[in-house]
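1. prediction below, plus the sequence it came from.
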Amino acid sequence: MQLNRIPSHLTLFIFTILSIVAQPVAYTQIPPAQRNLTIDDFFKIKRVRDPQISPEGKWVAYTVRDVDLKEDKSETHIRMVPTSGGEAIPMTAKGYSASRPRWSPDSKFLSFLVKRKEEDKTQVWTLNRQGGEAQQLTKIAQGVSGYEWSPDGKKLLLILKDPKPEDLIKDKKEKKKPKPWVIDRLQFKEDGDGYLDN
């Protein structure tokens, strides 16, 4: 008994049906439901700024701004990452903000601007890239607005604002005393005739 052959157009149809059924499950899954952004999502976004490549080209320092909703404040921290890829290394600690990272010409030191306490003025600090404690480089009464390293790494160019009188007072709790009265002549009270009463 001879079996009838399946027509070619039917073979193509069966093959197409089997191909669709055999597709991976991922094609048939429903995509996750989309949702609108919330205020919490906005505050989770990290703001990365001021990237600085080290002179030898092996590292990138940058700032990251974090927002703490519970404390109702934000802080900017400095991190460093290898240009070849890898994990970011925090260079400044929590509790204060740091900005304007700059590399020394020999790539050994990373400097930045810091105001550690509310009553402090912003100063230049530096940190050895290989580790250790940060060291304060400047102590300017009115604080530092900006800076750059000299090409030889021995000096800093500072951007300063004119100091206010209160910035020049070492003890900020001490109020400025009024100027004393200066008397340069002695005058007695005269009567109507121009003579003193006896």
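-> All right, it came through fine. Residues are numbered from 1 along each chain as shown.

2. ramachandran coordinates for the closest residue to Glu148 other than its chain neighbours?
-> Excluding the flanking residues, the one nearest Glu148 by C-beta to C-beta, 6 or more residues apart in numbering is Leu157, at 4.8 Å. C-beta: built from backbone N, CA, C; applies to glycine. With angles defined as degrees, to the nearest 10, Leu157 sits at phi -90, psi 120.

3. okay, now Leu157: neighbour count?
-> Residues contacting Leu157 under the criterion other C-beta atoms under 10 Å number 9.

4. OK, contacts around it?
-> The contact partners of Leu157, by C-beta atoms under 8 Å, 6 or more residues apart in numbering, come to 147-150.

5. would you reformat these as a markdown table and include pLDDT?
-> Output for these, formatted as a markdown table (pLDDT from 0 to 100):
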| residue | pLDDT |
| --- | --- |
| Tyr147 | 94 |
| Glu148 | 94 |
| Trp149 | 94 |
| Ser150 | 93 |
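
6. hmm, which of those are the buried ones?
-> Among these, those scoring as buried are 147, 149 (criterion: 16 or more other C-beta atoms under 10 Å).

7. so which of the contacts of Leu157 belong to strands?
-> Applying DSSP state E to those, the entries found in strands are 147-149.

8. biggest separation within the contacts of Leu157, which pair?
-> Farthest apart among the contacts of Leu157 by C-beta to C-beta are Tyr147 and Ser150. That separation is 10.4 Å.

9. now do the shared contacts for the two.
-> The contact sets of Tyr147 and Ser150 overlap at 156-157 (C-beta under 8 Å, 6+ apart).

10. using the three-state scheme, assign Asp40.
-> Here Asp40 is recorded as helix under DSSP: H, G, I helix; E, B strand; the rest coil.

11. enumerate every residue touching it.
-> Counted by C-beta under 8 Å, 6+ apart, Asp40 has contacts Leu69.

12. sorry, back to before: local confidence estimate at the residue nearest to Glu148?
-> Turning to Leu157, the model gives it a pLDDT of 90.

13. any idea how far it lies from Pro151?
-> According to C-beta to C-beta, to the nearest Å, Leu157 and Pro151 sit 11 Å apart.

14. go on, Ser84?
-> Here the criterion is C-beta to C-beta. By it, Ser84 lies 27 Å from Pro151.

15. mind listing the residues bridging to Leu156?
-> Beta bridges link Leu156 to Trp149, judged by DSSP bridges.
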